[in-house]
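Asks: could you look at this predicted model? Sequence included:
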Amino acid sequence: MTNAHDQMHVSDPSFSSRTNFVDTTGFKATDFHLTDADKRILFDNGTAAGTTFLSTWDWEAWKAQYNETGSAPTP
(Lines give C-alpha, C1' and ligand atoms only; values in the text may rest on other atoms or scores of the structure.)
Protein backbone atom coordinates (compact mmCIF):
# COMPACT_ATOMS: atom_id res chain seq x y z
CA MET A 1 0.00 0.00 0.00
CA THR A 2 2.83 2.40 0.75
CA ASN A 3 4.25 1.92 -2.74
CA ALA A 4 0.89 2.80 -4.31
CA HIS A 5 0.65 5.93 -2.18
CA ASP A 6 4.23 6.93 -3.04
CA GLN A 7 3.63 6.25 -6.75
CA MET A 8 0.55 8.48 -6.70
CA HIS A 9 2.76 11.42 -5.68
CA VAL A 10 5.71 10.54 -7.90
CA SER A 11 3.36 10.38 -10.91
CA ASP A 12 2.03 13.88 -10.16
CA PRO A 13 4.31 16.50 -11.76
CA SER A 14 3.55 19.03 -9.01
CA PHE A 15 5.06 16.61 -6.50
CA SER A 16 7.79 14.98 -8.59
CA SER A 17 9.10 18.36 -9.75
CA ARG A 18 9.99 19.21 -6.15
CA THR A 19 11.07 15.75 -5.05
CA ASN A 20 14.72 14.96 -4.50
CA PHE A 21 15.47 11.41 -5.63
CA VAL A 22 18.51 9.82 -3.97
CA ASP A 23 20.35 6.81 -5.42
CA THR A 24 19.94 3.98 -2.91
CA THR A 25 21.01 1.22 -5.30
CA GLY A 26 22.04 -1.86 -3.35
CA PHE A 27 20.40 -0.78 -0.10
CA LYS A 28 16.94 -1.60 1.25
CA ALA A 29 14.87 0.53 3.61
CA THR A 30 15.14 -2.32 6.10
CA ASP A 31 18.95 -2.46 6.14
CA PHE A 32 19.35 -1.61 9.83
CA HIS A 33 22.93 -2.80 10.20
CA LEU A 34 24.82 -0.68 7.68
CA THR A 35 28.57 -0.38 7.93
CA ASP A 36 30.10 3.06 8.35
CA ALA A 37 31.21 2.85 4.71
CA ASP A 38 27.64 2.08 3.59
CA LYS A 39 26.32 5.00 5.63
CA ARG A 40 28.90 7.26 4.00
CA ILE A 41 27.84 6.10 0.52
CA LEU A 42 24.20 6.89 1.25
CA PHE A 43 25.09 10.22 2.87
CA ASP A 44 27.26 11.21 -0.10
CA ASN A 45 24.54 10.13 -2.55
CA GLY A 46 22.04 12.27 -0.67
CA THR A 47 24.40 15.24 -0.59
CA ALA A 48 25.04 14.96 -4.34
CA ALA A 49 21.32 14.63 -5.13
CA GLY A 50 20.44 17.57 -2.90
CA THR A 51 23.16 19.75 -4.39
CA THR A 52 22.04 18.94 -7.92
CA PHE A 53 18.39 19.57 -7.08
CA LEU A 54 19.03 22.87 -5.33
CA SER A 55 21.32 24.12 -8.09
CA THR A 56 18.39 24.03 -10.54
CA TRP A 57 15.40 24.64 -8.23
CA ASP A 58 13.39 27.79 -8.92
CA TRP A 59 10.68 28.30 -6.30
CA GLU A 60 9.11 31.27 -8.10
CA ALA A 61 8.89 29.32 -11.37
CA TRP A 62 7.34 26.36 -9.55
CA LYS A 63 4.73 28.58 -7.89
CA ALA A 64 3.92 30.20 -11.24
CA GLN A 65 3.51 26.81 -12.90
CA TYR A 66 1.44 25.24 -10.13
CA ASN A 67 -0.46 28.29 -8.79
CA GLU A 68 1.18 28.05 -5.35
CA THR A 69 -1.41 25.36 -4.52
CA GLY A 70 0.38 22.43 -6.11
CA SER A 71 -2.09 22.09 -8.95
CA ALA A 72 -1.54 23.07 -12.55
CA PRO A 73 -3.34 26.21 -13.71
CA THR A 74 -6.65 25.74 -15.45
CA PRO A 75 -6.78 27.03 -19.04
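Replies: Received, thanks.
Asks: going by C-alpha atoms from here, please, whenever you check contacts or count neighbours.
Replies: Fine.
Asks: quickly note the distance from the residue nearest the centre of the chain to residue 54.
Replies: Geometric centre of the chain, nearest residue: residue 20, 2.4 Å, by CA atoms, centre = their mean. Taking CA to CA, to the nearest Å as the measure, residue 20 and residue 54 are separated by 9 Å.
Asks: then residue 26?
Replies: Taken as CA to CA, the span from residue 26 to residue 54 is 25 Å.
Asks: tell me where the chain has helices.
Replies: Applying DSSP state H to the chain gives helices spanning 2-10, 13-16, 36-56, 59-66.
Asks: dump those into CSV; add mean pLDDT, distance to residue 30 and mean neighbour count as well.
Replies: Shown next, in CSV, are those (pLDDT from 0 to 100; distance: least, CA to CA, whole Å; neighbours: other CA atoms under 10 Å):
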stretch, mean pLDDT, distance to residue 30, mean neighbour count
helix 2-10, 64, 14, 10
helix 13-16, 80, 24, 15
helix 36-56, 95, 13, 13
helix 59-66, 88, 33, 13
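Asks: distance of residue 40 relative to residue 62?
Replies: 32 Å.
Asks: likewise residue 36?
Replies: Distance from residue 36 to residue 62, by CA to CA: 37 Å.
Asks: same check, this time on residue 43
Replies: 27 Å.
Asks: and the residue nearest to the centre of the chain, what does it touch?
Replies: 49-50, 53 (CA atoms under 8 Å, 6 or more residues apart in numbering).
Asks: swap in residue 23?
Replies: For residue 23, the contact set (CA under 8 Å, 6+ apart) comprises 42, 45-46, 49.
Asks: please compute how far stretch 43-59 lies from its chain's middle.
Replies: Chain-centre distance of stretch 43-59: 9 Å, with CA atoms, centre = their mean, to the nearest Å.
Asks: same thing with stretch 43-62?
Replies: Distance of stretch 43-62 from its chain centroid, counting by CA atoms, centre = their mean, is 9 Å.
Asks: contacts for that stretch, please.
Replies: 18, 20-24, 68.
Asks: lovely, talk soon.
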